[in-house]
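Visitor: build the 3D model from these lines:
(one chain, ligands or ions: 1)
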Amino acid sequence: MNLQRFTTAMRMSVCIPAIAMCSALFVGAALAHPDAAHVEAQNAWARASVPGQQASGAFMRLTAKEPLKLVGVETPVAGVAEVHEMKMEGDVMRMRAIDALDLPQGVPVDLKPGGYHVMLQQLKAPLVKDTQVPITLVFKDAKGELSRLHLQVPVRTAPPAGGDAATAHHGHMH
Ligand SMILES: [Cu+2]
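Guide: As a prediction, the model looks like this:
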């Protein structure tokens, strides 16, 4: 009898930390989902990099539910994260950082190889295929208020199916 009671007590003391861990995981998962920002991100992916490579790109389709501007990128995986655009200058395709990317309400805007993209520079470690990297997008609404979208972005060597496959072969130029 005493032994059984002891075992039950043991089980309970094991259970309680397990529950605490569970709810901690749940909170972690909740944070990984879109919060305040009124925008949807689809088909997000980041391009895998090789050791020694300094930069890579992240891509997705953004659809804002109210007029927004994408004004910043935050990630622990890169020293510098910016929104870039690519433009032809004469015969040369060049890219540069932009302060804000307009996201009209309800209109999908593609960040894709050869076009707008999230530029990750000064990579702190290679982006490894089949892992995920945390990327937070910062948006500004019409009133100037900021909101954030936290994403766990899968690392891939090519765009996901359903992404814009037609542009896949252009790659990311520097
Ligand atoms: Cu770039």
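Visitor: pop the domain breakdown of the protein in here.
Guide: By the record's domain assignment, the chain is partitioned as 1-31, 39-170 (automatic domain parsing).
Visitor: could you point out which of the ones you listed sits nearest the ion?
Guide: Proximity to the ion (CB to the ion) singles out domain 39-170 among the domains of the chain, at 3.5 Å. Quick note: C-beta positions are derived from backbone N, CA and C, even for glycine.
Visitor: related to what we said a few turns ago, mind putting the domains of the chain into JSON lines with distance to the ion and mean neighbour count?
Guide: Written out in JSON lines, the entries for those read as follows (distance: least, CB to the ion, whole Å; neighbours: other CB atoms under 10 Å):
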{"stretch": "domain 1-31", "distance to the ion": "28", "mean neighbour count": "9"}
{"stretch": "domain 39-170", "distance to the ion": "3", "mean neighbour count": "16"}
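Visitor: now render the ones you listed as JSON lines, adding mean pLDDT.
Guide: Below are those laid out as JSON lines (pLDDT from 0 to 100):
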{"stretch": "domain 1-31", "mean pLDDT": "40"}
{"stretch": "domain 39-170", "mean pLDDT": "93"}
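Visitor: now residue 138, what's its secondary structure?
Guide: What DSSP: H, G, I helix; E, B strand; the rest coil gives for residue 138 is strand.
Visitor: so who does the nearest residue to it once chain neighbours are set aside touch?
Guide: For residue 138, the nearest residue in space outside its immediate sequence neighbours is residue 72; the separation is 3.5 Å by CB to CB, 6 or more residues apart in numbering. With contacts defined as CB atoms under 8 Å, 6 or more residues apart in numbering, the neighbours of residue 72 are 83, 137-138.
Visitor: which SSE is residue 72 in?
Guide: Residue 72 belongs to strand 68-74 when elements are defined using DSSP states H and E.
Visitor: that strand pairs with which strands?
Guide: strand 101-103 (antiparallel), strand 132-141 (antiparallel) (DSSP bridges).
Visitor: for whichever helix or strand comes after the first one, packing partners?
Guide: Sequence-wise, the next helix or strand downstream of strand 101-103 (DSSP H and E) is strand 109-111. Where contact means 3 or more CB pairs under 8 Å, 6 or more residues apart in numbering; DSSP states H and E, strand 109-111 is packed against strand 56-64, strand 101-103.
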